[in-house]
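1. generate a structure from the sequence data that follows.
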Amino acid sequence: MAGRRSAEAIDAALAEGRKALVVYLPVGFPTVERSIAAARTAVAAGADLVELGLPYSDPGMDGEVIQHATTQALAQGTRVSDVVRAVEQVSATGAGVLVMTYYNPVLRYGVDRFARDLANAGGGGLITPDLIPDEAGAWISAADEHDLDKVFLVAPSSTDERLAMTAAASRGFVYAASTMGVTGVRSSVDTHARDLVARTRAAGAERVCVGLGVSTGAQAAEVAEYADGVIVGSALVRTLQDPDERAGLKALGALVEDLAAGVRA
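-> Numbers count the residues shown, from 1 in each chain. Coordinates of the predicted model:
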């Protein structure tokens, strides 16, 4: 069973009178099998979309928690083939599945080959944090050929022109980075997020999801007041640091349930 496209998953949530919950988990942390189990646990606990992270050797835009996790995943030999296998197993739940990756691994693997293998595994598309639309011609062509989503990022520093270009190039949703700088859990959601979402919608985006900093159901409810989806990563990855696999998955499931209640508030 192939997973849903991100637009379909977000629109289904909106049709229920709520917002979508998007979760990020890196493939290979603590192990490939445990990361797949974690993603499937998140879906069962209420996640609408899953971002599976492809470990990268220089994750410059990620916070300390995710950097540590991806470094460990690489040290254990996690490869693109493992990510493709994870996509296949998680998309079998029926949830939407995207791969979040820096662009260099896609180039090294082969852009067309990556798009083909991702689509064949049931993946919905890519989130490419370090790729801007005006430098993404090869990826856009491959994604269009294989009917994949293209999720680009915007930030509070983005000009109106840049927002319009990004909204036009994106398919599925636009990823609004709610804070300047690296990602990670924060005590309060950045106040720039609401304005950024409004500006991105005004620039033509149909759906805008906000990430970078949400860690509680209460924060998820706050973001859900104005965004179409709430993205959570570091807080979930932290639960998997528990050496007891059962305890880690239980903690992750409980947090996802809290976040899911938040987007339904």
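
2. OK, contacts around residue 153?
-> 127, 128, 129, 166, 174, 175, 176, 177 (C-beta atoms under 8 Å, 6 or more residues apart in numbering). Every residue, glycine included, has its C-beta placed from N, CA and C.

3. most neighbours of all these, which one?
-> Most neighbours among the contacts of residue 153, by other C-beta atoms under 10 Å: residue 176, with 31 neighbours.

4. packing partners of the host helix or strand of that residue?
-> Per DSSP states H and E: residue 176 is located in strand 174-177. Packing partners of strand 174-177 (3 or more C-beta pairs under 8 Å, 6 or more residues apart in numbering; DSSP states H and E): strand 153-154, helix 192-202, strand 208-211.

5. which residues in this structure form strands?
-> Assigned by DSSP state E, the strands in the chain fall at 20-26, 49-53, 96-100, 125-127, 149-151, 153-154, 174-177, 208-211, 229-232.

6. which one of the ones you listed lies closest to residue 248?
-> strand 20-26 (11.6 Å; C-beta to C-beta).

7. pick out the residue nearest the middle of the chain.
-> Closest to where the C-alpha atoms of the chain average out (C-alpha atoms, centre = their mean) is residue 51, at 3.5 Å.

8. distance check, that residue against residue 211.
-> As judged by C-beta to C-beta, to the nearest Å, residue 51 and residue 211 stand 9 Å apart.

9. between those two, which contacts overlap?
-> 22, 24, 231, 233.

10. name the nearest residue to the last one, sequence neighbours excluded.
-> Closest residue in space to residue 233, ignoring its immediate chain neighbours: residue 24 at 3.4 Å, by C-beta to C-beta, 6 or more residues apart in numbering.

11. now that residue 104 has come up, it's in contact with residue 54, right?
-> No. Using C-beta atoms under 8 Å, residue 104 is not in contact with residue 54, being 10.3 Å away.

12. so between the two, which is more surrounded?
-> residue 54 (25 against 13).

13. could you pull out the helices in the stretch 151-265 of the chain for me?
-> 160-169, 192-202, 217-224, 234-239, 245-263 (DSSP state H, counting those that start in this stretch).

14. ok, back up a step: mind putting the strands of the chain into a markdown table with distance to residue 198 and mean pLDDT?
-> Written out in a markdown table, the entries for those read as follows (distance: least, C-beta to C-beta, whole Å; pLDDT from 0 to 100):
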| stretch | distance to residue 198 | mean pLDDT |
| --- | --- | --- |
| strand 20-26 | 18 | 97 |
| strand 49-53 | 22 | 97 |
| strand 96-100 | 24 | 97 |
| strand 125-127 | 22 | 97 |
| strand 149-151 | 19 | 98 |
| strand 153-154 | 12 | 96 |
| strand 174-177 | 10 | 94 |
| strand 208-211 | 9 | 94 |
| strand 229-232 | 15 | 96 |
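
15. with distance to residue 265 as added columns, please give those strands in a markdown table.
-> Formatted as a markdown table, the strands of the chain follow (distance: least, C-beta to C-beta, whole Å):
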| stretch | distance to residue 265 |
| --- | --- |
| strand 20-26 | 12 |
| strand 49-53 | 19 |
| strand 96-100 | 22 |
| strand 125-127 | 26 |
| strand 149-151 | 25 |
| strand 153-154 | 25 |
| strand 174-177 | 20 |
| strand 208-211 | 15 |
| strand 229-232 | 11 |
